[in-house]
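Q: need coordinates for the following:
(one chain, ligands or ions: 1)
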Amino acid sequence: MDARLGFSSIDSAAHQPHPEPVVRLQHFTRSFGANRIIDGLDLEIAPGEFIALLGRSGSGKTTLLRTLAGLDDAGAQDVEVPDSRAVVFQDARLLPWKPVWKNVALGLKGGDIRSRAEAALKEVGLGHRLDAWPLTLSGGEAQRAALARALVREPQLLLLDEPFAALDALTRYRMHDLVLSLWRTHKPAVLIVTHDVEEAIALADRVLVLDKGRIVAEERIHAQRGERAGLAGRLREQLLSHLGGDHHGEGVVPFARQAEAAE
Ligand SMILES: Nc1ncnc2c1ncn2[C@@H]1O[C@H](COP(=O)(O)OP(=O)(O)OP(=O)(O)O)[C@@H](O)[C@H]1O
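A: So this is what the prediction gives:
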């Protein structure tokens, strides 16, 4: 580990204890016709771990997320995931004919559904919009409602597919704070798909870079989230180099080793 920068290659993390993973993919492959979109991918996610998945357009991020979400039946037999999962997409996907609280309560079973939905909406800062119609919400509010709808189910795995991509920068930063606070409270494992390297660095315990359906780089970030601004520059450059690079099946390249070689 590079103590100055607060991040390390996956090699140095090998000595840490490994709790039983909530997600396990072993040599997972998914093709559409002749196109292999996910190519022999190995992935384990620990309980409560926060993972960011970066990758260029078409690298297979959404295909992987849909697989983990159970939205893609093909190959599902090779995929170990928890039963309790929830997904938040780039668009909030609220039903416009139901008030916000009913959107959050949709599909809930058991007693006092309204108060559970209400508590979730208060937690995301929407306690004052319980009876509002979805079309009257701002983009940020709609995503808050989508987060409430996901978390009211107390998922073990929360999947976020570019959830803040359509928001302005300030709203996005607020959503980052909100997601981190919800994550600390509810402790799901999280996988966020994003194009935004800063977002990945700000949020994740571990950043993966996907290219042509393979993980070509992997980075653990140890620094406290409030102290990440300083390491963003160098890590950002390294992650960007993997997003723009041509990998030809080299496998995972630990950044720290590359950094050492460069010094
Ligand atoms: N149902 C499908 N049928 C055929 N091809 C598909 C299907 N779903 C995805 N693909 C193809 O798989 C490839 C990867 O798509 P995917 O949406 O996973 O990429 P992505 O990394 O999420 O891209 P983006 O960042 O642009 O959303 C693309 O070439 C896409 O056209």
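
Q: now the helices for the protein?
A: Counting by DSSP state H, one finds helices in the chain at the ranges 61-69, 100-105, 113-123, 139-151, 169-186, 197-203, 232-244, 255-262.

Q: now do the shortest one, average pLDDT.
A: Spelled out, it's helix 100-105. Throughout helix 100-105, pLDDT has a mean value of 96.

Q: give me the contact list for it.
A: Taking contacts as Cβ atoms under 8 Å, 6 or more residues apart in numbering, the residues outside helix 100-105 that touch it are 94-95, 113-114, 116-118, 120-121, 126, 129-134, 137, 145, 148-149, 152. C-beta here means a position set from N, CA and C on the backbone, and glycine is covered the same way.

Q: next: the longest one.
A: Applying Cβ under 8 Å, 6+ apart, the external contacts of helix 169-186 come out as 50, 123-125, 138-140, 143-144, 147, 151, 154, 158, 160, 163-164, 167, 190, 199, 202-203, 225.

Q: show the buried residues in the residues you listed.
A: For the contacts of helix 169-186, burial is judged from neighbour counts taken by 16 or more other Cβ atoms under 10 Å, and it is met by 50, 123-124, 140, 143-144, 147, 151, 158, 160, 163-164, 167, 190, 199, 202-203, 225.

Q: near the ligand, which of the residues you listed show up?
A: Within the set of those, contact with the ligand (Cβ under 6 Å from any ligand atom) is found for no member.

Q: what comes up buried for stretch 101-111?
A: 101-105, 108.

Q: using TSV, lay out these together with distance to the ligand.
A: Converted to TSV, the buried residues of stretch 101-111 look like this (distance: Cβ to the nearest ligand atom, whole Å):
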residue	distance to the ligand
Trp101	31
Lys102	30
Asn103	25
Val104	26
Ala105	30
Leu108	30
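
Q: that older thread, which among the contacts of helix 100-105 end up buried?
A: Buried positions within the contacts of helix 100-105, assessed by neighbour count (16+ other Cβ under 10 Å), are 94, 113, 116-118, 120-121, 126, 129-130, 132, 134, 137, 145, 148-149, 152.

Q: surely Val152 touches Gly110?
A: No: taking contact to mean Cβ atoms under 8 Å, the distance of 11.3 Å between Val152 and Gly110 leaves them out of contact.

Q: the ligand contacts on the stretch 1-150 of the chain?
A: Counting by Cβ under 6 Å from any ligand atom, the residues of the stretch 1-150 of the chain that sit close to the ligand are 32, 37, 55, 57-63.

Q: tell me which two of those residues sit farthest apart.
A: When Cβ to Cβ is used, the two most widely separated members of those are Phe32 and Gly55, lying 16.6 Å apart.

Q: which one of these two has more residues nearby?
A: In terms of neighbours (other Cβ atoms under 10 Å), Gly55 is the more surrounded of Phe32 and Gly55; the figures are 24 against 9.

Q: any weak-confidence spans in the stretch 101-250 of the chain?
A: Filtered on pLDDT under 70, the stretch 101-250 of the chain yields the residue ranges 229-233, 244-250.

Q: go again with 90.
A: Along the stretch 101-250 of the chain, the parts satisfying pLDDT under 90 run over 107-111, 166-174, 198, 221-250.

Q: okay, the helices of the chain in JSON lines with distance to Gln26 next?
A: As requested, these are arranged in JSON lines below (distance: least, Cβ to Cβ, whole Å):
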{"stretch": "helix 61-69", "distance to Gln26": "13"}
{"stretch": "helix 100-105", "distance to Gln26": "35"}
{"stretch": "helix 113-123", "distance to Gln26": "35"}
{"stretch": "helix 139-151", "distance to Gln26": "27"}
{"stretch": "helix 169-186", "distance to Gln26": "26"}
{"stretch": "helix 197-203", "distance to Gln26": "24"}
{"stretch": "helix 232-244", "distance to Gln26": "23"}
{"stretch": "helix 255-262", "distance to Gln26": "24"}
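
Q: quick one: which of these is nearest Val81?
A: helix 61-69 (5.7 Å).
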